[in-house]
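1. Below are the sequence and a predicted model for it; my questions follow.
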Amino acid sequence: MRRRRLAPLLAVSVTATLAPALATSTAAAAPAVTPSTVSLSAAKGGALDRYVKQKPRWKRCEADSPATFQCATIKVPLDYRAPAGKRIELAISRIRSTTPGKRHGVLFSNPGGPGGQGLYMPLDLKEVLPKSAQRKYDLIGFDPRGVGRSSPVSCDLKPEEENWLRPYKEETFAKDVAWARDVADKCREKAGDTLAHITTRNTARDMDLLRAILGEKKISYLGYSYGTYLGAVYTQLFPGRADRFVLDSAVDPARAWRGMIQWWAEGAEPAFDRWTEWAAERSEKYGLGDTPKEVDRTFWDLVAQADEKPIEVEGQPTTGDDIRSGLRRAVFSPEYATEVVVELKKAAAGRPASAKKLAVFTGSGRTGTAGAADAAEVPSDNMTASFWAVVCGDNSAAWSRDPETYRRDAIEDKGRYPLYGDFASSIKPCAFWDRSVERATKVNNKVGSLVVQNEWDSQTPLPSGQALHADLKGSKMVTVLGGEGHGVYPSGNACTDGTVETYLLTGKLPAKDVTCEATADSNAEARKNQKRDVLPGSPLPERAPDRF
């Protein structure tokens, strides 16, 4: 059976004992989607009624998948402003409650991205949610519009065109501008009018339409990384339809999306300083330097050496830019970063080095393809195409149309954030993207939700999670002090796992924000995820560079 797995869910067992599931009445059929629920005047006159009346034809997802794991497809409007127009397909899945008499409702989920497939998430959640939660919920998965099996978009990009790890250099900037323009042009030519409607707002509308089709008054939700933004947008558009929302490793809505990419550079600098201190305290074991300044010098000497002559890693030349990019993620787990630099020093000296530990430098640089569907079903560049569709299309106002703006920002940010600043701020295809069809979503509501955040997260740093918590005024926040890695639940940490599961089971948020201490086991799991080459941006293991 082909499937993708949530890295935090691998090799983790949840053993916490929770309060008994509460008896719940069966949800009544939901009212038809109305103009107020979609905020679009085009929905007047019941234009969405024909969509709400759909009856999904559920069937076993695959011959070798469990019989309880069922899939179907539904139709949704491409453009909710014109629901009588073109329709696209949405691939959906479910695992029904194990005890219908104790069922509370549905638990939707999203693994991150943009561009991450969610069709197989019910299988993953079934392995980690306590039995009491499986009694309470139908587990609902779906590939977001434009992704995977949901009318997948493509830009016909070649592998080298998918590589967007492009640090600023004066001599290559014109070439990078041409690359960004070409990607935007190819996406426009291939995806045409469809691309403009592959947005977070429309995916949230799809979720609400699916809710209505399933006959539910409300949905509960577990979203990771990009999925936290999707969940937050849903609460903003449909506040009365949100039940129990867990938002794990959170995006700052005000910084979607250029600012979130720049967070990768800003957040890496304090993590780098923490790493140099950690390594210096263990200089006798690792030999990288007796003080943080000496460790810092060891690292930058390696970068300079690789800039002069690339270091051979598994037969591949590794440049100073490769080292900066690779270590950005690693420094959020100091032990892992130290092991990586020790092995890199060996390679630089021409001695045998651990290929496994240096895998962080040998990734393909592509955003990767979907692993849960056949290549014939999903275009090879689908993850990249859908990523840019959302990142550029959600808020085009965040992206300057002047390439010189990116040059100036990249130069300035390389000075401010030397590890990754120029990677984050240099030119992207969004500079040449069409203007957004709708305004960006301003998240500011009182819907109850639980924001969960590691202190040391490479993709959504702690201030990002704190910002979402401030925007969701009805939320409570779980902060894992010393917590490493992207994606918290489940981690085997009784404090964090227990808080999440209690909320899902009872619907009661903590009386106040919760602070948990990271455990050796939970951080060890984060280091395993790094070594699996986790797609940093969602808790999905993928051969890929940087994602939410």
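-> In hand now; what should we look at?

2. wait, what's in contact with Thr73?
-> When the contact criterion is Cβ atoms under 8 Å, 6 or more residues apart in numbering, the partners of Thr73 are 56, 89-92, 149. To be clear about C-beta, it is placed using only N, CA and C from the backbone, and glycine gets the same treatment.

3. Thought Lys131 was touching Thr98, still the case?
-> Yes - applying Cβ atoms under 8 Å as the test, Thr98 and Lys131 come out as touching, 7.3 Å apart.

4. out of these two, which sits in the more crowded spot?
-> The residue with more neighbours, out of Thr98 and Lys131 and counting by other Cβ atoms under 10 Å, is Thr98; that gives 17 against 13.

5. For the more buried one, pull up the helix or strand it's in.
-> Per DSSP states H and E: Thr98 is located in neither a helix nor a strand.

6. For it, which residues are in contact?
-> Residues near Thr98 by Cβ under 8 Å, 6+ apart: 131, 134-135.

7. do that again at 10 Å, thanks
-> With Cβ atoms under 10 Å, 6 or more residues apart in numbering as the criterion, the residues that contact Thr98 are 68, 126, 131-138.

8. what's the farthest-apart pair in those?
-> When these are compared pair by pair using Cβ to Cβ, the farthest-apart members prove to be Thr68 and Ser132, with a separation of 17.4 Å.

9. So for those two, which residue has more residues nearby?
-> Residue environment comparison for Thr68 versus Ser132 gives the larger neighbour count to Ser132, 20 against 15, counting by other Cβ under 10 Å.

10. Secondary structure element for that one, which one?
-> Using DSSP H and E, Ser132 sits within helix 131-136.

11. tell me what that helix is packed against?
-> Helix 131-136 makes packing contacts with strand 105-110, helix 121-128, helix 494-506 when contacts are defined by 3 or more Cβ pairs under 10 Å, 6 or more residues apart in numbering; DSSP states H and E.

12. Deepest in the core, which of those is it.
-> Scoring these by mean neighbour count under mean count of other Cβ atoms under 10 Å gives strand 105-110 as the most buried, with a mean of 26.

13. and it, average pLDDT?
-> The average of the pLDDT scores along strand 105-110 is 98.

14. Stretch 53-69 too?
-> Model confidence over stretch 53-69, given as mean pLDDT, is 96.

15. Next: stretch 330-337.
-> So the average pLDDT for stretch 330-337 ends up being 95.

16. how about the helices and strands packed on helix 131-136, which one is nearest Lys428?
-> The minimum distance between Lys428 and the helices and strands packed on helix 131-136 falls on strand 105-110, with 23.1 Å, by Cβ to Cβ.

17. Who does the closest one pair with, and is each partner parallel or antiparallel?
-> As defined by DSSP bridges, the strand partners of strand 105-110 come to strand 137-142 (parallel), strand 219-224 (parallel).

18. pLDDT weak spots in the stretch 101-250 of the chain?
-> Scanning the stretch 101-250 of the chain for pLDDT under 70 picks out nothing.

19. which stretches of it form helices?
-> When assigned using DSSP state H, counting those that start in this stretch, the helices of the stretch 101-250 of the chain occupy the ranges 121-128, 131-136, 159-162, 173-191, 200-213, 226-237.

20. OK, contacts around Val76?
-> Val76 sits in contact with 48, 51, 54, 83, 87-90, 145, 150-151, 202-203, 205-207, 209-210, 213, where contact means Cβ under 10 Å, 6+ apart.

21. now those: which count as buried?
-> By the neighbour-count criterion of 16 or more other Cβ atoms under 10 Å, these include these buried positions: 48, 51, 54, 83, 87-88, 90, 145, 150-151, 202-203, 205-207, 209-210, 213.

22. Would you confirm that Gly326 contacts Phe361?
-> Yes - the pair formed by Gly326 and Phe361 meets the contact definition of Cβ atoms under 10 Å, at 4.4 Å.

23. shared neighbours, the two?
-> Contact criterion Cβ under 10 Å, 6+ apart; residues bridging Gly326 and Phe361 by contacting each: 313, 318, 340, 344.

24. Between these, which sits nearest Lys442?
-> With Cβ to Cβ as the yardstick, the closest approach to Lys442 among these comes from Val340, at 40.0 Å.

25. Check the gap between the closest one and Pro310 for me.
-> According to Cβ to Cβ, to the nearest Å, Val340 and Pro310 sit 17 Å apart.

26. Looking at those two, which one has more neighbours?
-> Neighbours were counted for Val340 and for Pro310 using other Cβ under 10 Å; Val340 has more, 26 against 16.

27. got a list of what that one touches?
-> By Cβ under 10 Å, 6+ apart, the contact list for Val340 reads 323, 326-327, 329-331, 333, 353-354, 357-361, 530-531.

28. Buried among these? Need that as a selection in PyMOL.
-> This is how PyMOL selects the buried members of these, with burial counted by 16+ other Cβ under 10 Å:
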select buried, resi 323+326+327+329+330+331+333+353+357+358+359+360+361+530+531
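
29. Which single one of the contacts of Val340 is nearest to Met260?
-> For the contacts of Val340, the residue nearest Met260 by Cβ to Cβ is Arg329; the value is 15.4 Å.

30. you'd agree the closest one is up against Gln459?
-> Yes - counting by Cβ under 10 Å, Arg329 sits close enough to Gln459 to count as a contact (8.4 Å).

31. Checking my notes, Asn454 in a strand, right?
-> Yes - Asn454 forms part of a strand when assessed by DSSP: H, G, I helix; E, B strand; the rest coil.

32. gap between it and Pro100?
-> Using Cβ to Cβ, Asn454 is found at 36 Å from Pro100.

33. For Val514, name its beta-bridge partners.
-> Here Val514 shows beta-bridge partners Val478, assigned using DSSP bridges.

34. can you put the helices and strands packed on helix 131-136 in a markdown table and add distance to Ala518?
-> Below are the helices and strands packed on helix 131-136 laid out as a markdown table (distance: least, Cβ to Cβ, whole Å):
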| stretch | distance to Ala518 |
| --- | --- |
| strand 105-110 | 24 |
| helix 121-128 | 19 |
| helix 494-506 | 9 |
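
35. I'd like to know which of the ones you listed lies nearest to Gly192.
-> For these, the distance to Gly192 is smallest for strand 105-110, at 26.0 Å, taking Cβ to Cβ.

36. now the closest one, how far from the chain's geometric center?
-> Going by Cα atoms, centre = their mean, to the nearest Å, the spacing between the C-alpha centre of strand 105-110 and its chain's C-alpha centre is 17 Å.

37. Extract the CA atoms of it and return them as PDB.
-> Taking only C-alpha atoms (Å, rounded to 0.1, in the frame of the first residue of the first chain), the coordinates of strand 105-110 have been written out as PDB:
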ATOM      1  CA  GLY A 105     -18.300  14.300  15.200                       C
ATOM      2  CA  VAL A 106     -15.600  14.600  12.500                       C
ATOM      3  CA  LEU A 107     -11.900  15.300  12.900                       C
ATOM      4  CA  PHE A 108     -10.500  16.900   9.700                       C
ATOM      5  CA  SER A 109      -6.700  17.100   9.300                       C
ATOM      6  CA  ASN A 110      -3.900  18.600   7.200                       C
END
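
38. any idea of the angle that strand forms with helix 494-506?
-> Following axes from the mean of the first three to the mean of the last three Cα atoms, to 10 degrees, one obtains 130 degrees for the angle between strand 105-110 and helix 494-506.

39. Helix 121-128 and strand 105-110, what's the angle between them?
-> Strand 105-110 runs at 110 degrees relative to helix 121-128, counting by the same axes, to 10 degrees.

40. Please, where are all the helices along the stretch 301-450 of the chain?
-> Remark: helices assigned in the stretch 301-450 of the chain by DSSP H, counting those that start in this stretch are 320-330, 334-348, 382-393, 403-416, 421-425.

41. what about the helix or strand Lys473 falls within, average pLDDT?
-> Lys473 is part of strand 472-484, with elements assigned from DSSP H and E. Predicted confidence along strand 472-484 averages 98 (mean pLDDT).

42. and if you look at stretch 495-504?
-> Averaged across stretch 495-504, the pLDDT comes to 98.

43. chain center to that stretch, what's the gap?
-> Distance of stretch 495-504 from its chain centroid, counting by Cα atoms, centre = their mean, is 21 Å.
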